[in-house]
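>>> Need the 3D shape of this:
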Amino acid sequence: MKKESLKQLFKNNWPIFLILTVLVFTTYGNSLNNAFVSDDIAEIRDNPNMGNFSYVFTHPYGFIRLILYYFVYQIAGLSPIGFRLINFFFHIGSVLLIYILIKLLYSSKRIAFFSSAIFAVHPAISESIIWISGGSYPQYTFFFLISLIIYIVSKENWKYYLLSLIFFLFSFMSHPVMPLPLFLVFGLYEICFGDIKKNWAKSIPYLMFSIAYTFINLSVIPIRTSVLQTVHYQEKGVDNLFIIVPIAVSSYFELIFWPKILTLYHSELAFQTFQFIINCFVTIAYFAFLIFAFIKNKKLFFPLFLFILSLSPTLTPFRFNWIVAERYIYLGLLGIIVPVIYLFEKNIHRFKIKNLDVYILGIIIILLLTRTIIRTTDWKSEDTLWIATGITSPSSPNNHNNLGDVYGRQGDKLRAVQEFQTAIDLKPNYADAYHNMANAYRELGQMDKALQDYNKAATLNPNLWQSYQNIAAIYFGEKKYDLALKSIQKAIQINPKNINLYLNMGVVYLTSGNREKAKETFQNILNADPNNQIAKQGIIEASK
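Predicted coordinates:
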């Protein structure tokens, strides 16, 4: 297809593009002003570097999103709408690109429209659009689809081909892991739709990009592992692929065909023997049909293989990720929708009822849209999210910890303690839950229990400086100044750049009567921060 033909495609299909765009906003419009939740809070709302352009360069292999964050912050400040619109843009872009891709591959407006419309509203991927921090999934998909479409239309035009490589690179700059296996798609396209004997060499640069990024990201693995073990308290170990793959694949099929249970934490993955046999049967059936499609109909094989290929970075025995997460399936959803619609459209004419496909698929789209709108309300705030997650993921220690925060903010400290204790029962090494339970006990005035749990939290996670800070506060209130100083000094050793810790240490010195040490501490703070009014006042008090 020549460049003019691609322009003609846009010209002839703009009403469909408009309908698909309206469909996305109809589905997700009510979520635009949802609050920052979960990772959004630390990464955006409470990030002191959000307005600093230099922060962009701290993530050289993922700076596209940080650039977008920077400009949104400059225009709209910390409004969730601006940041969530980034996700909307990439999702709408992906939907329109899916229409173009399917139109190019299958030469059918109906298959292209219904596939992209279902993708636009499907609740299984709603997490990636509503949750700002999940936006890297539609972002990498957007750039990958552009790359693939340009590759398809490039033919012998090397300018197009180079442009395809550039957008493939942008895909890597959007997510560090998920695009790694996608170099295979270009060769797969030639096998299924093109001429692999003639064009096999064209896929080599995509392979080289993937190899290069694999080596680049080797340095990320220890960081990722550390985060999972220290922040999420994931246990070390290696999983059995013959267990996790059937569980994951069958769970994703359930999410696609019956998206009733949607949750941030898919923790309910312990199955009885009979259920696991069903999981295995579903997975074997998928792979069997994949082989059948390769032999009989490569138009079916192409999207079906894309499904498992896009998920492959998460289907490893190494514990670098969750076994199942809705955001992981963003691109993979396309691989199931397309063959289903393709087979549906090929066989629906047998009933000889005019526009029967429109009626049936229209109803399905409305039902999926409705389910997604309902799901968007779960993400309205931290409270609504964790309460909804508590219903669907009762075995998640992370969520019980979050629920403790919810009840704590609502003033129900005893209920908060119960939730923190449940989190600890499910995950005995959960330092954050011990720390949060100590906070609740402290607010209840039960200082002995608070000290006990703060110490337990610090033992389990030696980097949890907040526990030492709060231990110091309790000792300070009890006028045990020596113990308070020891605790605050431990906190400073862990977090030496936190000025508030030094201010607290100065206050302890001053209150305990050690005016020289207090004056020295406040002066050191002023040397680093000349405008610190608390330190100035501290020096005045220490000089009396």
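>>> Off-centre distance for the helix or strand in which E520 is found?
If you go by DSSP states H and E, E520 is part of helix 515-528. Centroid displacement of helix 515-528 relative to its chain, using Cα atoms, centre = their mean, to the nearest Å, is 43 Å.
>>> Please write out the alpha-carbon positions of that helix in PDB.
What follows is helix 515-528, C-alpha atoms only, in PDB (Å, rounded to 0.1, in the frame of the first residue of the first chain):
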ATOM      1  CA  ARG A 515      22.100  23.600  73.900                       C
ATOM      2  CA  GLU A 516      25.500  23.400  72.200                       C
ATOM      3  CA  LYS A 517      24.500  20.200  70.300                       C
ATOM      4  CA  ALA A 518      21.200  21.800  69.500                       C
ATOM      5  CA  LYS A 519      22.800  25.000  68.200                       C
ATOM      6  CA  GLU A 520      25.300  22.900  66.100                       C
ATOM      7  CA  THR A 521      22.600  20.800  64.600                       C
ATOM      8  CA  PHE A 522      20.400  23.800  63.700                       C
ATOM      9  CA  GLN A 523      23.400  25.600  62.200                       C
ATOM     10  CA  ASN A 524      24.200  22.600  60.000                       C
ATOM     11  CA  ILE A 525      20.600  22.700  58.700                       C
ATOM     12  CA  LEU A 526      21.000  26.400  57.900                       C
ATOM     13  CA  ASN A 527      24.200  25.800  56.000                       C
ATOM     14  CA  ALA A 528      22.200  23.400  53.800                       C
END
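>>> Would you mark the buried spots in it?
Across helix 515-528, burial judged by 16 or more other Cβ atoms under 10 Å covers 517-519, 521-522, 525. Bear in mind the C-beta positions are built from the backbone N, C-alpha and C, glycine included.
>>> same question, stretch 70-78
Here stretch 70-78 shows 70, 72-73 as buried, counting by 16+ other Cβ under 10 Å.
>>> phi, psi of V238?
With angles defined as degrees, to the nearest 10, V238 sits at phi -130, psi 130.
>>> now swap in F318 and tell me
Per degrees, to the nearest 10, the backbone of F318 is at phi -90, psi 140.
>>> Contact partners for L188?
The neighbours of L188, taking Cβ atoms under 8 Å, 6 or more residues apart in numbering as the test, are 302, 305-306.
>>> A helix includes it, no?
Yes - applying DSSP: H, G, I helix; E, B strand; the rest coil, one finds L188 inside a helix.
>>> ok, it to Y441 distance?
58 Å (Cβ to Cβ, to the nearest Å).
>>> pLDDT averaged over stretch 460-469 - what is it?
Averaged over stretch 460-469, pLDDT sits at 94.
>>> list the contacts for the residue most central in space within the chain?
With distances taken as Cα atoms, centre = their mean, G134 lies nearest the centre of the chain, 3.4 Å away. Residues near G134 by Cβ under 8 Å, 6+ apart: 87, 127-128, 327.
>>> cool, and H175?
Per Cβ under 8 Å, 6+ apart, neighbours of H175: 62, 136-137, 139-140.
>>> Which one of these is nearest to I118?
Y137 (17.4 Å; Cβ to Cβ).
>>> ok now do the closest one, which residues does it touch?
Y137 touches 125, 128, 175, 178, 327-328, 330-331, counting by Cβ under 8 Å, 6+ apart.
>>> Mind putting the buried residues of stretch 70-78 into a markdown table with pLDDT, secondary structure and distance to Q421?
Formatted as a markdown table, the buried residues of stretch 70-78 follow (pLDDT from 0 to 100; DSSP: H, G, I helix; E, B strand; the rest coil; distance: Cβ to Cβ, whole Å):
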| residue | pLDDT | secondary structure | distance to Q421 |
| --- | --- | --- | --- |
| Y70 | 94 | helix | 42 |
| V72 | 96 | helix | 40 |
| Y73 | 95 | helix | 39 |
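>>> Which of those sits closest to N455?
For the buried residues of stretch 70-78, the minimum distance to N455 (Cβ to Cβ) is 39.2 Å, reached by Y73.
>>> From R65, how far out is the closest one?
12 Å.
>>> And for D405?
Going from D405 to R65 by Cβ to Cβ gives 27 Å.
>>> Give me the more crowded residue out of the two.
R65 (23 against 19; other Cβ atoms under 10 Å).
>>> ok now whichever strand or helix holds the more buried one, how far from the chain's centre?
In this structure, R65 sits in helix 63-76 according to DSSP H and E. Remark: helix 63-76 is offset 18 Å from the chain centroid, using Cα atoms, centre = their mean.
>>> Give me the helices and strands touching that helix, please.
helix 80-106, helix 136-154 (3 or more Cβ pairs under 8 Å, 6 or more residues apart in numbering; DSSP states H and E).
>>> I'd like to check the angle between the helix or strand following the shortest one and helix 63-76, please.
Using DSSP H and E, the helix or strand that directly follows helix 136-154 along the chain is helix 158-172. Orientation of helix 158-172 against helix 63-76 (axes from the mean of the first three to the mean of the last three Cα atoms, to 10 degrees) gives an angle of 80 degrees.
>>> From the rest of the structure, what touches helix 158-172?
Contacts of helix 158-172 from elsewhere in the structure, counted by Cβ under 8 Å, 6+ apart, are 3, 61, 64, 140-141, 143-144, 146-148, 150-151, 153-154, 179, 182-183, 202, 205-206, 209, 213.
>>> One more: stretch 466-473?
431, 435, 438-439, 442, 450-451, 454-455, 457-458, 483-485, 487-488, 490-491, 494, 501, 504, 508.
>>> Just the ones of those residues in helices?
431, 435, 438-439, 442, 450-451, 454-455, 457-458, 483-485, 487-488, 490-491, 494, 501, 504, 508 (DSSP state H).
>>> Columns distance to N399 on top of the buried residues of stretch 70-78, output as JSON lines?
What follows is those, written out as JSON lines (distance: Cβ to Cβ, whole Å):
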{"residue": "Y70", "distance to N399": "32"}
{"residue": "V72", "distance to N399": "29"}
{"residue": "Y73", "distance to N399": "30"}
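>>> out of the residues you listed, who's nearest K354?
V72 (47.4 Å).
>>> Once you drop chain neighbours, what's closest to the closest one?
Excluding the flanking residues, the one nearest V72 by Cβ to Cβ, 6 or more residues apart in numbering is G82, at 4.1 Å.
>>> Which SSE is immediately downstream of the lowest-mean-pLDDT helix or strand in the chain?
The helix or strand of the chain with the poorest confidence is helix 220-230; it has a mean of 58 (mean pLDDT, DSSP states H and E). Proceeding N to C from helix 220-230, the next assigned helix or strand is helix 241-257, under DSSP H and E.
>>> next one: that next one to chain centre, how far?
19 Å.
>>> Now do the contacts for L510.
L510 neighbours (Cβ under 8 Å, 6+ apart): 518, 538, 541-542.
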